[in-house]
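*Asks:* missing the sequence, but the structure's below:
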């Protein structure tokens, strides 16, 4: 994927990976896709609760961390200890990045800090990647479902289509339908609308609205897709893939899956926070906003009580 062979620069690898998208129906760059993209990103950011210095921009710190995957904590003459978005350069014997490349015109005379010596690198995931690949995938799926719902609702409004022999007949049919739609107790029509054989002189296409209505099913699929995303980012949720009542073992299985994926992120971030405190003495910490284990235990107890 990246060329001839290792080693790879991490900022280059991340750019290559983030440029790849699933080969599905394209819904990117639409207002609906951007809406779900922002919604899902903010949802992921809300999973953890942070404690950081008041002089830091919380929004900048979190968006850089989640979108870029890494943020460098450095000490500057002008602003003290601050977080900065960065690229990565070099590698050590374990192919871990060696330097943070920071390009900020307000930081004068800043040389490329060595990671672990001049700065601390906070990383969200072990591979130094952000979560935009995850966000983009689910945003595309939800946008596609939402558009399908809109199209189906629009189509369900068109239950009848009339084909008249001429323009005059079409106008007569319009007037006939207007009378019906306005709630007239009786509707009258000209016999000229009938053919020589006394039968209707127009063709009518009648759509079975109930048979073609799938918006409710698509909305149900949207809830399942969002539940899958919640599981991926560590938000407890009931397994909506089954309509019947969940049993305790199923709730516990979802509990393990929800916790295990996101716990890796938390361990990586907490380790970085300890390194920041050791190097700069800055009080930086992160923890679950809502602990999925505790919440799922409560949910399992409720399910067990219902079963008994």
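*Replies:* On my side now, so go ahead. As the structure is a prediction and not an experimental result, all values here were calculated from the model.
*Asks:* what confidence value was assigned to residue 72?
*Replies:* Here the pLDDT value assigned to residue 72 is 97.
*Asks:* quick check: which element contains it?
*Replies:* strand 70-76 (DSSP states H and E).
*Asks:* does anything pack onto that strand? Which helices or strands?
*Replies:* Applying 3 or more C-beta pairs under 8 Å, 6 or more residues apart in numbering; DSSP states H and E, one finds that strand 70-76 contacts helix 58-68, strand 80-84, strand 119-123, helix 248-280. C-beta coordinates here come from the backbone N, C-alpha and C atoms, glycine included.
*Asks:* list the strands paired with it, with their directions.
*Replies:* Here strand 70-76 is paired, per DSSP bridges, with strand 80-84 (antiparallel), strand 119-123 (antiparallel).
*Asks:* what lies in contact with the last one?
*Replies:* Going back to what we said before, that points to strand 119-123. Under the contact criterion C-beta atoms under 8 Å, 6 or more residues apart in numbering, strand 119-123 has outside partners 65, 69-75, 83, 86, 88, 97, 100, 113, 115, 268-269, 272-273, 275-276, 279-280.
*Asks:* are any of those buried, and which?
*Replies:* For the contacts of strand 119-123, a burial check counting by 16 or more other C-beta atoms under 10 Å picks out 65, 69-74, 83, 86, 88, 97, 100, 113, 115, 268-269, 272-273, 275-276, 279-280.
*Asks:* what is the orientation angle of the strand holding residue 72 with helix 58-68?
*Replies:* Per axes from the mean of the first three to the mean of the last three C-alpha atoms, to 10 degrees, the angle that strand 70-76 makes with helix 58-68 is 140 degrees.
*Asks:* touching strand 70-76 from outside, list them.
*Replies:* 10, 61, 64-65, 81-86, 88, 100, 102, 107, 110, 113, 115, 118-124, 128, 276, 279-280, 282, 284.
*Asks:* what's across from residue 101 in the sheet?
*Replies:* residue 87.
*Asks:* quick check: buried residues in the host helix or strand of residue 172?
*Replies:* Following DSSP H and E, one finds residue 172 within helix 167-181. Across helix 167-181, burial judged by 16+ other C-beta under 10 Å covers 169, 172, 173, 176.
*Asks:* which one of those sits closest to residue 140?
*Replies:* For the buried residues of helix 167-181, the minimum distance to residue 140 (C-beta to C-beta) is 42.8 Å, reached by residue 173.
*Asks:* now do the same for the closest one: its pLDDT.
*Replies:* Reading off the model, residue 173 has pLDDT 78.
*Asks:* go ahead and confirm it touches residue 164.
*Replies:* Yes. At 5.5 Å, residue 173 and residue 164 qualify as touching, with contact defined as C-beta atoms under 8 Å.
*Asks:* confirm that residue 145 sits in a helix.
*Replies:* Yes. Residue 145: assigned to a helix according to DSSP: H, G, I helix; E, B strand; the rest coil.
*Asks:* please name the nearest non-neighbouring residue to it.
*Replies:* Closest residue to residue 145 apart from its sequence neighbours, by C-beta to C-beta, 6 or more residues apart in numbering: residue 222 at 4.7 Å.
*Asks:* got a pLDDT number for the closest residue to residue 259 other than its chain neighbours?
*Replies:* Residue nearest to residue 259 in three dimensions, not counting chain neighbours: residue 292, with 4.9 Å by C-beta to C-beta, 6+ apart. We note a pLDDT of 72 for residue 292 in this prediction.
*Asks:* and for residue 36?
*Replies:* Reported pLDDT for residue 36: 96.
*Asks:* shouldn't it be in contact with residue 142?
*Replies:* Yes. Taking C-beta under 8 Å as the definition, residue 36 is a contact partner of residue 142 at 4.5 Å.
*Asks:* which neighbours do those two share?
*Replies:* Counting by C-beta under 8 Å, 6+ apart, nothing touches both residue 36 and residue 142.
*Asks:* poorly predicted segments of the protein, please.
*Replies:* 1-29, 158-160, 192-210, 238-256, 293, 295-305, 307-308 (pLDDT under 70).
*Asks:* again, only using 50
*Replies:* When residues are selected by pLDDT under 50, those of the chain lie in 1-9, 22-24, 243-244.
*Asks:* show me it divided up by domain.
*Replies:* Domain segmentation of the chain under automatic domain parsing yields 10-131, 160-206.
*Asks:* need the winner for burial among those domains.
*Replies:* domain 10-131 (a mean of 16; mean count of other C-beta atoms under 10 Å).
*Asks:* nearest residue to the middle of the protein?
*Replies:* Centroid check for the chain by C-alpha atoms, centre = their mean gives residue 40 as the closest residue, at 3.4 Å.
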